[in-house]
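Asks: Show me the folded form of this:
(2 chains)
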Amino acid sequence: MNKARMKEEGGRLKASFIPHPSSLSIPPSEPPPPVLRSWRNLYLLVLGALVVDILLLRLFTGLFS
Amino acid sequence: MSRLDWCILGGALAFVVLFGLWKGRGRKDAEGYILSSRDMRWYTICLSIMATQASAITFLSVPGQSYVDGLRFIQFYLGLPLAMVVLSVTVVPIFHRLKVYTAYEYLEGRFDGKTRTLAALLFLIQRGLAVGLTIFAPAMVLSVLLGWNIHLNIAIIGVLVMIYTVTGGTKAVSWAQSYQMLIITVGMVVAGVMVVRQLPAQVSLGDALHVAGALGKLKAIDTSFDVTNRYNLWSGLIGGFFLMLSYFGTDQSQVQRYLAGSSITQSRMGLLANGLLKVPMQFLILLLGSLVFVFYQFVTPPVFFNPLPVQRVKAGPDAAVYQRIERDFEAASRDKTASVQVFIAARHSGNAAREAAARDSMRAAQARTQELRNQAITVVRRADPSSGGNDTNYIFLSYVLHSLPIGLIGLVLAAVFSASMSSMSAEINALGATTLVDLWRRLGRKQSERQEVWVSRISTFAWGCFAIGFAEYASRLGSLIEAVNILGSLFYGTILGIFLVAF
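Replies: Next up is the predicted model:
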C-alpha cells in the first residue's frame, strides 16, 4: 500500500495506515520554475548563495580589519 | 515625538489593520480561515515567514548587538538556508500531500493520537508564553525611552493585532505581514541612509567602514572551532541548522505560513526565497548597528544606554562613583574622537606607517572608553541586578529618538510596531488553529464549517487575551522571563526529536 489513506471521521483524523515518508512519491509531479529546469538546480542555487555569502563576509572581514 | 511622527505612526498602523480586515474578509470555512484556502503565492509566503521570525526586539536588539559585539552574530543565521533546502525536500511535499492543517496532525497518522496531542500541547505552552514576551519586550523599551505607559502600549498593540487576526485568519495575517515587511524595510533603509548622512562631512562611508573595522566591529566570520565561542562559523552552520530546522519545520506559527501555499511549488519557493534573503537582510541590520557605532565616535554617547537603572544608580550609594565614571567617559570620548579624525586623515594621506600608528592610537582610545563603560556596567549591575548590565536593546532606539529628524522617528517607530504586530498575529493565529485542529476536533464533536470558523476565532481571541494578560504581568516576573525562554528552548529539542523520528 503506497498511498496515505487519511479520512475525516467525526471531525477527527483517522489514519488506518500512513506509510513511511520515503514511500510517498517524492519529488512531486509539479514542475519547478521553468528558468531553473529542475528542483535540484534551485537547491544548488540556494546552497551556492550561502557559500557566496560566507566568502563575501570573510572578504568583508579581511578588507576592513 | 512631534505631531507629524504621531500621524505617520498612527496612519501606518491604521492602514495595516484596515488592509488586514479587507484582505481577510469572507472566510466561511476552516480551510479558508486557517490556511487561506491554500491560495498563497510564494512571495507572500516568503514575506510572511520573514515577518513572523523578525519580532520587534530583533530590530531593536540586533543593531545594538552589533554596536557592542560587531557583526559576528550574522553567523547564527548561516544554518538557515541549509534548513530551508532540507525542509523543501522533505517536509513540504509530505504535508501538502496529506493536506494537513497543522504539523502535529501528521504525527497521529505516523504514530498515534497521544504523540500528536503531546507535540501540540508542547507547542501551545511554549508559544503561548512566548507570544506575551513578543509584545512585552518592545513595549518595555518604548516605555523607558519615551515615557509611555507600558500597560497601555501592550493593550494597544494586542487589540490592533486581534482585530484583523481574529476576523480574517491566516489570509489577513499574511497580507498584513507583507505590508508590515514593507514598512520595516523602508524604516531600516531610511535609518541606514540617515546615519551615514549624519557623519561629519569629511567622513565617507568607506572611512566609516574602516573605522568600524579597525575597532573590531566588522568581524563577521570566525572560522576557529572553539566550543566556548558562542558565535563562529561552525556553531552557526551546525547549531543554527538544527534550530532553524526545528523552528521552521515543527513550529506551527511558521508551518502554517507555508501550508497556505497554493501548491508544493509555491510553498517551496517561499521557503527557498527566505533562505536566499535572510542572511543579506540580517547583515544589513547588523551593519546599521556598526554604522551607529561610528556615528557615536563623533557624538559622545551615554556611558550606559538604558536610563532606568542609571536613575537607580544615581539615587543610591554609588551615585558619586557613577558620576565620576561619566565625567571620565566624556573626556575619553573626546580624546577618541580626535584620534578617529587623525586616523581618517592618515588614511587620506596614503602614508601606511602614519595610518598604522594612528590606528594603534585609536584602538588605545577605544580600549580606554570600553574600560570605563565596563566600570559603569559593573556599578549598574550592582545597583540593579535585574538589568543584567545589558543595554543592547536600548542603543538603536536611543540613536533614533535623539538623532533622527521629525517624521523619520515616526517611521522607525512604525517599523518597530509593525515587527511586533506581525510576530504576534502569526503566533496567536497558529495557537488558535492548533487549539481547533489538534484539541477541539479530537473531542469528536461533529460541527459545521461555519461553527468551526467560530471556534477558531474564539480560540484565537482567547490566546490574544492570554498574550496581553501575560505581557501586562511580565514586568513583575523579573528573572522568570529567562526561565520562560529556557523552557521554550527545552521544548524545541523535544519536538524536533519527535518529528525527526517521524520523517
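Asks: How about the closest residue to chain B within chain A, nearest residue that isn't a chain neighbour?
Replies: Each residue of chain A has a distance to chain B, by CB to the nearest CB, and the smallest belongs to residue A:64, at 2.7 Å. For every residue, glycine as well, the C-beta is placed using N, CA and C. The spatial neighbour of residue A:64 that comes closest, neighbours along the chain excluded (CB to CB, 6 or more residues apart in numbering or on different chains), is residue B:213 at 2.7 Å.
Asks: list the contacts for that neighbour?
Replies: For residue B:213, the contacting residues are A:63-65, by CB atoms under 8 Å, 6 or more residues apart in numbering or on different chains.
Asks: Return the residues in contact with residue B:268.
Replies: The neighbourhood of residue B:268, defined by CB under 8 Å, 6+ apart, consists of A:39, A:42, B:42, B:88, B:92, B:261.
Asks: And it, how close does it get to residue B:222?
Replies: 32 Å (CB to CB, to the nearest Å).
Asks: Leaving out sequence neighbours, find the closest residue to residue B:120.
Replies: residue B:438 (3.7 Å).
Asks: Residue B:25 now?
Replies: For residue B:25, ignoring the flanking residues on the chain, the nearest one in space by CB to CB, 6+ apart is residue B:168 at 6.5 Å.
Asks: so that neighbour is in which element?
Replies: With secondary structure defined by DSSP states H and E, residue B:168 is part of helix B:150-197.
Asks: Quick check: mean pLDDT of the helix or strand just after that helix?
Replies: Sequence-wise, the next helix or strand downstream of helix B:150-197 (DSSP H and E) is helix B:205-214. Computed over helix B:205-214, the mean pLDDT rounds to 92.
Asks: Pull out the buried residues from helix B:205-214.
Replies: Within helix B:205-214, the residues that qualify as buried by neighbour count (16 or more other CB atoms under 10 Å in any protein chain shown) are B:207-214.
Asks: Between the residues you listed, which sits nearest residue B:136?
Replies: Comparing the buried residues of helix B:205-214 against residue B:136 with CB to CB picks out residue B:212 as the nearest, at 32.0 Å.
Asks: what separates the closest one from chain A, distance-wise?
Replies: According to CB to the nearest CB, to the nearest Å, residue B:212 and chain A sit 7 Å apart.
Asks: Which residue, neighbours along the chain excluded, lies closest to that residue?
Replies: residue B:290 (4.6 Å).
Asks: So the one you found, which state does it fall into?
Replies: Judged by DSSP: H, G, I helix; E, B strand; the rest coil, the three-state class of residue B:290 is helix.
Asks: Check what pLDDT it gets.
Replies: 94.
Asks: got a list of what it touches?
Replies: With the criterion set at CB under 8 Å, 6+ apart, residue B:290 makes contact with B:66-67, B:70-71, B:212, B:217-218.
Asks: If we use 6 Å, what do you get?
Replies: Contacts of residue B:290 were listed using CB atoms under 6 Å, 6 or more residues apart in numbering or on different chains, and they are B:66, B:212, B:217.
Asks: where in chain B is pLDDT low?
Replies: Of all residues in chain B, those with pLDDT under 70 make up the ranges B:445-446, B:475-488.
Asks: what does it have sitting close to chain A?
Replies: Proximity of chain B to chain A is confined to B:81, B:85, B:93-94, B:97-98, B:105, B:108-110, B:209-210, B:213, B:218-221, B:263-265, B:272, B:275-276, B:279, B:441-442, B:444, B:446, B:503 under the rule CB under 6 Å from any CB of the partner chain.
Asks: What about these, which are in helices?
Replies: Counting by DSSP state H, the part of the residues of chain B next to chain A found in helices is B:81, B:85, B:93-94, B:97-98, B:105, B:108-110, B:209-210, B:213, B:264-265, B:272, B:275-276, B:279.
Asks: and chain B, what are its domains?
Replies: B:3-299+B:394-502, B:307-390 (automatic domain parsing).
Asks: and the end-to-end length of the shortest one?
Replies: Spelled out, it's domain B:307-390. This stretch, domain B:307-390, spans 12 Å end to end (CA to CA, to the nearest Å).
Asks: next one: that domain to chain centre, how far?
Replies: 28 Å (CA atoms, centre = their mean, to the nearest Å).
Asks: So which residues of the stretch 251-400 of chain B form helices?
Replies: Remark: helices of the stretch 251-400 of chain B, listed N- to C-terminal, are B:252-259, B:264-295, B:307-314, B:319-349, B:352-383, B:392-403; assignment by DSSP state H, counting those that start in this stretch.
Asks: Compute the inter-axis angle for the second one and helix B:205-214.
Replies: To tie it back to what came earlier, the one meant is helix B:264-295. Note on geometry: by axes from the mean of the first three to the mean of the last three CA atoms, to 10 degrees, helix B:264-295 and helix B:205-214 are set 90 degrees apart in direction.
Asks: that older thread, what's the spacing between the residue nearest to residue A:64 and residue B:343?
Replies: Applying CB to CB to residue B:213 and residue B:343 gives a distance of 11 Å.
Asks: follow-up on the earlier one: which one among the contacts of residue B:268 gets closest to residue B:232?
Replies: Within the contacts of residue B:268, the smallest distance to residue B:232 is 26.7 Å, found for residue B:88 (CB to CB).
Asks: That closest one touches residue B:271, doesn't it?
Replies: Yes. Under the criterion of CB atoms under 6 Å, residue B:88 is in contact with residue B:271, at a separation of 5.3 Å.
Asks: Which one of these two is surrounded by more residues?
Replies: A count of neighbours by other CB atoms under 10 Å in any protein chain shown puts residue B:271 above the other of residue B:88 and residue B:271, at 29 against 23.
Asks: quick one, what contacts that one?
Replies: Shown in contact with residue B:271 (CB under 6 Å, 6+ apart): B:84, B:87-88, B:258.
Asks: Relative to the whole chain's centre, how far out is stretch B:6-20?
Replies: Centre to centre, stretch against its chain (CA atoms, centre = their mean), the figure for stretch B:6-20 is 20 Å.
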